[in-house]
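Enquirer: when you get a sec, could you give me coordinates for this:
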Amino acid sequence: MAEAEKPPRAALYVDFDNVFMALLRWDERAAYAFGERPDAWLAWLEGREEGGAPTTRRTLIRRCYLNPGGYFDFQMGRAVARYRQQRDLRNRTYFGEFRAAFVQAGFDIVDCPPVAYLKNSADMKMALDIRDALDHKTVFDEFVILSGDSDFLPALARLRAHDRRITILAQNTAKRAYLAAADIVVGLDDFAHDGMGNVAIAQVEQAPPRPEPPPRPDYQRPEPVRAEAPPVARGPDLPALRAGAVAWLREALARSPSGALRMTEVGSQIGRSLPLLKTTNYAGAGTLGALIEEARDPRLLMTGPPSRRWVFDPERGPPPGDLPPGVEDQPGLPAETPSVPEEAAEPVAEAVPSPVPAAPAVAAEPPPPEPSVPEPEPVAVPEPAPEPEPEPEPEPPSREALMAEAALLVRDLLWGSRDLKGLAQDLPAFTPAEIGFVLNAITARQPLDLPDLPAAAAAIAAEGAGQGLHVSAREVTAILRWLMRGFAKLNEAPAPDAAAQHARRLYATLVAAVRAVEEPLSEAEKEALRNWTQAGVAAA
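Expert: Numbers count the residues shown, from 1 in each chain. Model (predicted):
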């Protein structure tokens, strides 16, 4: 191939943490495939097919900058968690696990541990390496930067001044100046769908078949027959639990006059009938909505935003948005008893001839005898049909159930979101007693500096275990992060009402975070969330 026909020489720089977190908001499977199969998306960037030569660019420098101590906890019951479980891997995924895959794809790995609180040195090292590549004796025609960080804008300006082609990976929220500085912009959707669309890790429902052992030679002594081990106690039957949940939903919709129920109402009542649902993370589905979607039952459809979702039976009627006024506000009430039509009531009076009034008696002569009139036969009046007995109204959810449901709702709405520092905005779905215990325990240990937080979280978790509360150090750390997002002064001595202040600050910060993901809460949901944050705090 002549020199003019060769594809341009390129230098590739990958900010692993930035791209991984960006892909998580698109699809967790794409993010995991980005780390597990860099050879696949690299071939897509180079235009190679089935191991052929590059046609788009030749990446002579390949460098990946990652924080080996960074990690992400995938949601249980979803594709990546099941994929790792089948391979006997723990759910928490550290970025250092992907090092071998990048080395095998020809990358140089540059470790970028945090040099300050929650800030690593990847962008600084990338900028210095890009500047050094400009003075390399090999003239690179193109610089490919896989990072959505707009801090690289000065580096892009320097590359343009040296007449080098620039290709960047950009998110939908990228700054306009950052996009204008590049020659080629690879969209995040294209990178995730085309670059890793053929690297599906979703085949997780079936475990890979085990290879059969090779046949033994005839001269080998057969192994002695071993006694069978006693059966191991198994967990709950998840398929049967899902089938029971679907049957419960169809029966509940059959009792509803409109054929529709609010998901909040369903979630509070189905847990009483099937308590194993929540302990098994909704039979492995993760959420009640995911369980309904995976059931693929044509009689169970959902509509509405996540904070006000409905489940309805399309054969019974339209979606709740098209129901008559007043019906959707009372989905659990029994149907009204039909009134008896007026035609079926008492017969009309004119149907029976009225007797003729007798004339006054005359003294001179008696009145002539009246002709005998046959008495009319009695008319049979149909008895009204007995009124059906009204079904008993379902019990309204208790205050504790509403509080727990509000915490679960906020946890689901904020799942996968990140704050400005890149930390996950996960919310532990504590019971009212557990959240009250955690806030009181944090207040009791103030003042707390940043280095003291891990030890304090571990101590609070140990104290909770002693009281029979399921509170882990990771969950306590999540609550500490929420308090710091609300600018709680944890490094100061606590005020007399510090626990109540923490509860109010936690509530306000959660409401603002939910509003930021464009899923505002209703007034009833806000009230339940406020009660949850303040449970067990006012009396402390």
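Enquirer: show me the shaky parts of the protein.
Expert: 1-4, 116-120, 172-173, 197-235, 305-308, 321-397, 538-540 (pLDDT under 70).
Enquirer: what's the spacing between the residue nearest the centre of it and Leu288?
Expert: Residue closest to the mean C-alpha point of the chain, counted by CA atoms, centre = their mean, is Asp412 at 4.4 Å. Distance from Asp412 to Leu288, counting by CB to CB, to the nearest Å: 9 Å. C-beta here means a position set from N, CA and C on the backbone, and glycine is covered the same way.
Enquirer: and for Ala53?
Expert: 51 Å.
Enquirer: more crowded one of those two?
Expert: Neighbour count, other CB atoms under 10 Å: between Ala53 and Leu288, Leu288 has more, with 24 against 12.
Enquirer: these two touch, right, the more buried one and Gly271?
Expert: No - using CB atoms under 8 Å as the test, Leu288 is too far from Gly271 to be in contact (9.3 Å).
Enquirer: quick check: neighbours shared by these two?
Expert: With contacts defined as CB atoms under 8 Å, 6 or more residues apart in numbering, the residues shared by Leu288 and Gly271 are Leu277.
Enquirer: re the thing from before, host element of the residue nearest to the centre of the chain?
Expert: helix 399-413 (DSSP states H and E).
Enquirer: Glu293 now?
Expert: According to DSSP H and E, Glu293 maps onto helix 288-295.
Enquirer: list the buried residues of that helix.
Expert: 288-292, 295 (16 or more other CB atoms under 10 Å).
Enquirer: now those residues as CSV including distance to Gly69?
Expert: As requested, the buried residues of helix 288-295 are exported to CSV (distance: CB to CB, whole Å):
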residue, distance to Gly69
Leu288, 35
Gly289, 34
Ala290, 31
Leu291, 35
Ile292, 38
Ala295, 40
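Enquirer: just those residues now: which is nearest Tyr83?
Expert: Among the buried residues of helix 288-295, Ala290 lies closest to Tyr83 (CB to CB), at 16.2 Å.
Enquirer: from Arg242, how far out is that closest one?
Expert: 11 Å.
Enquirer: repeat for Ala133
Expert: Taking CB to CB, one finds Ala133 at 55 Å from Arg242.
Enquirer: over to Met21?
Expert: Distance, Met21 to Arg242, by CB to CB: 32 Å.
Enquirer: please apply the same query to Pro236.
Expert: Distance, Pro236 to Arg242, by CB to CB: 11 Å.
Enquirer: which one's more surrounded, the two?
Expert: Ranked by neighbour count (other CB under 10 Å), Pro236 and Arg242 place Arg242 first, with 20 against 11.
Enquirer: what helix or strand does the more buried one sit in?
Expert: Taking DSSP H and E as the definition, one finds Arg242 inside helix 238-255.
Enquirer: and that helix, how far out from the chain middle?
Expert: Computed by CA atoms, centre = their mean, to the nearest Å, the separation of helix 238-255 from the middle of its chain amounts to 21 Å.
Enquirer: so it versus helix 288-295, what angle?
Expert: Put simply, helix 238-255 runs at 100 degrees to helix 288-295, going by axes from the mean of the first three to the mean of the last three CA atoms, to 10 degrees.
Enquirer: helix 238-255: which residues count as buried?
Expert: In helix 238-255, counting by 16+ other CB under 10 Å, buried: 238, 241-242, 244-246, 248-249, 252-253.
Enquirer: how about stretch 69-84?
Expert: Within stretch 69-84, the residues that qualify as buried are 70, 72, 74-75, 77-84, counting by 16+ other CB under 10 Å.
Enquirer: what sits against the spatially closest residue to Gly35 that is not a sequence neighbour?
Expert: For Gly35, ignoring the flanking residues on the chain, the nearest one in space by CB to CB, 6 or more residues apart in numbering is Phe98 at 3.7 Å. Shown in contact with Phe98 (CB under 8 Å, 6+ apart): 16, 35-36, 38, 66.
Enquirer: am I right that Leu480 is in a helix?
Expert: Yes - according to DSSP: H, G, I helix; E, B strand; the rest coil, the state of Leu480 is that of a helix.
Enquirer: contacting residues for it?
Expert: For Leu480, the contacting residues are 442, 453, 456-457, 490, by CB under 8 Å, 6+ apart.
Enquirer: separation between it and Pro320?
Expert: 40 Å.
Enquirer: so who does the nearest residue to Thr431 once chain neighbours are set aside touch?
Expert: Distances taken as CB to CB, 6+ apart place Ala404 nearest to Thr431, at 6.3 Å, with adjacent residues excluded. Shown in contact with Ala404 (CB under 8 Å, 6+ apart): 429, 431-432, 532.
Enquirer: and the helix or strand harbouring Ala458, what other elements does it pack with?
Expert: Using DSSP H and E, the element containing Ala458 is helix 453-466. Applying 3 or more CB pairs under 8 Å, 6 or more residues apart in numbering; DSSP states H and E, one finds that helix 453-466 makes contact with helix 432-444, helix 473-485.
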